[in-house]
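> here is the input, now give the coordinates:
(one chain, ligands or ions: 2)
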Amino acid sequence: MKKIMKYAAIFLFITVSAQLCSGCADRPAPYSDTGYAMGTIVNSTIYANKNVSEKISEDIMEELNDLENNYLSWRAGDSLISRINKTSGNGGIVTLDDRASLFFRKTLELAEKSGGAFDPSIGKIIDLWGFYDNDPHLPDQTQLKDLLPKCGYKYINYKDSKNSASVSLSSDIKLDFGAVGKGIGCDIAYDVLKPYRSGAFGAVISVGGSILIYGNKPDNSPWDIAVANPRSSDGDDYLGMLNIKDIPCFISTSGDYEKYFEKDGVRYHHIIDPKTGYPSDSGLISVTVLCDNGLISDGLSTACFVLGIKRSVPLLSEYNAEAIFVDTDKKVTVTEGLKDIFTLKASGYKK
Ligand code: ADP
Ligand code: MG
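Numbers count the residues shown, from 1 in each chain. Ligands and ions are numbered 1, 2, ... in the order given. This next block holds a predicted model:
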């Protein structure tokens, strides 16, 4: 419930700032809609006439449900990921359509470039921690020790020939695309918006912690986007504001506050260092990444969270991406390209 409130708050902020910027009488107020897909809140703010906006918003929800049920869910029995997971240990080969082929290409490239800090093969480790159950808990040490060497993106065999692409697993692993799913959702929203370029001037679509900023507002002013405060319980909802001019822009945040439990005063969160099987301990509490692709921004936010600031910088530049890091001392560090467009707002943080 707390999470829903938080996303609702971010949505409200985007909506309010959008309305303020469209104060002139001859400019249409943005259309806003809130729904639920991919296990999270989806907010749409669209500048277009009402009929077009409603249609775009409906199409986005339909596409996100398709993405979840037919591709990414590890619960829906017929989804692509479930079908691949069923081949685990039996050598089966699953054919990929063009969309799925792209997901795998980008995902495996990111796993490789991040040195395995982002690794979509760690589903069984996530299961051991119970982060998707109602009762997350410390894993059984023997089971974790046994699982670690068996997991690894290198066991995901992606083959792409001229006519078809396929994937097979050479270890008994379970794929988990949770770290890129919402970002892929934003890529899908972008595909929905593209044909409406002439009708819809601009839009902000958020799928949980991933956001797409598309097109321009009618008055061409920059988009004000709030970045979540990783310790919002201390006061402010927003860490700060991004003033975005370069579009399309995809923004994703990963933090230790999304899913976690505490035991004996220690916080155990859901972003796992694949090398240890334990919640990553890189000294960060949140990372926000901006770049020109949703899957990459989402995957990078998870990877950078695991890598820590120093090791993230070269990876971010490989993707021409920018980031906002918050460390355990509440020190906020931004990459060069954000220095002029990010304003820290929340109290208790330092630059
Ligand atoms: P959220 O899903 O809260 O937006 P992330 O995008 O960072 O946050 O994704 C975290 C999810 O990704 C976890 O719940 C888990 O399913 C999966 N995951 C955790 N650690 C890793 C990792 N190192 N590499 C790939 N996936 C991970
Ligand atoms: Mg992510």
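
> contacting residues around whichever residue of the stretch 51-200 of the chain sits closest to ligand 2?
For the stretch 51-200 of the chain, the residue closest to ligand 2 is A179, as judged by C-beta to the ion, at 4.1 Å. Any C-beta I mention is one placed from the backbone N, CA and C, and that applies to glycine too. Each residue near A179 by C-beta atoms under 8 Å, 6 or more residues apart in numbering is listed here: 118, 120, 254, 271, 298-299, 302.

> G178 and I125 touch, don't they?
No: using C-beta atoms under 8 Å, G178 is not in contact with I125; the gap is 12.0 Å.

> specify the beta-bridge partners of the closest residue to G283 other than its chain neighbours.
The spatially closest residue to G283, leaving aside those adjacent along the chain, is D327, at 5.2 Å (C-beta to C-beta, 6 or more residues apart in numbering). Going by DSSP bridges, D327 is paired in beta bridges with L284.

> and D327, how far is that from S280?
When distance is defined by C-beta to C-beta, to the nearest Å, D327 is 13 Å away from S280.

> settle it for me: which of those two has more neighbours?
Relative neighbour count places S280 above the other of D327 and S280, with 23 against 16, counting by other C-beta atoms under 10 Å.

> T302 is in contact with the more buried one, correct?
No: between S280 and T302 no contact is recorded; they are 9.1 Å apart, counting by C-beta under 8 Å.

> may I ask which two of the contacts of A179 are separated the most?
Between any two of these, the greatest separation by C-beta to C-beta is 14.4 Å, found for P120 and S254.

> which one of those two has more residues nearby?
S254 (28 against 25).

> quick one, what contacts that one?
Going by C-beta under 8 Å, 6+ apart, the list of residues near S254 reads 179, 209, 271, 286-287, 301-302, 304-305.

> got CSV for the residues you listed, with secondary structure and pLDDT too?
Converted to CSV, those look like this (DSSP: H, G, I helix; E, B strand; the rest coil; pLDDT from 0 to 100):
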residue, secondary structure, pLDDT
A179, coil, 98
G209, coil, 95
I271, coil, 98
S286, strand, 98
V287, strand, 98
S301, helix, 98
T302, helix, 98
C304, helix, 98
F305, helix, 98
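
> just among those residues, which is most surrounded?
Neighbour counts for the contacts of S254 (other C-beta under 10 Å) peak at S301, which has 32 neighbours.

> does it touch V287 like I think?
Yes: distance between S301 and V287: 5.1 Å, which falls inside the contact criterion (C-beta under 8 Å).

> mutual contacts of those two, please.
253-254, 323.

> from these, which land in strands?
Here DSSP state E is the test, and the shared contacts of S301 and V287 give 253-254, 323 as lying in strands.

> tell me which parts of the stretch 1-150 of the chain are close to ligand 2?
Residues of the stretch 1-150 of the chain that fall close to ligand 2, judged by C-beta under 5 Å from the ion: none.

> poorly predicted segments of the stretch 1-150 of the chain, please.
Using pLDDT under 70 as the threshold, the predicted model of the stretch 1-150 of the chain has low-confidence ranges 1-28.

> which residues in the stretch 251-351 of the chain form strands?
Counting by DSSP state E, counting those that start in this stretch, the stretch 251-351 of the chain has strands at residues 260-263, 266-269, 272-273, 278-279, 284-291, 322-327, 332-334, 342-344.

> one more: the stretch 51-200 of the chain?
For the stretch 51-200 of the chain, the strands defined by DSSP E, counting those that start in this stretch occupy 93-96, 156-160, 165-169.

> any chance of a markdown table for these, columns distance to ligand 1 and mean neighbour count?
Converted to a markdown table, the strands of the stretch 51-200 of the chain look like this (distance: least, C-beta to the nearest ligand atom, whole Å; neighbours: other C-beta atoms under 10 Å):
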| stretch | distance to ligand 1 | mean neighbour count |
| --- | --- | --- |
| strand 93-96 | 19 | 16 |
| strand 156-160 | 12 | 15 |
| strand 165-169 | 16 | 20 |
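
> can I get these in CSV including distance to I247?
Converted to CSV, the strands of the stretch 51-200 of the chain look like this (distance: least, C-beta to C-beta, whole Å):
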stretch, distance to I247
strand 93-96, 30
strand 156-160, 31
strand 165-169, 31
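
> right, I'll call it a day here.
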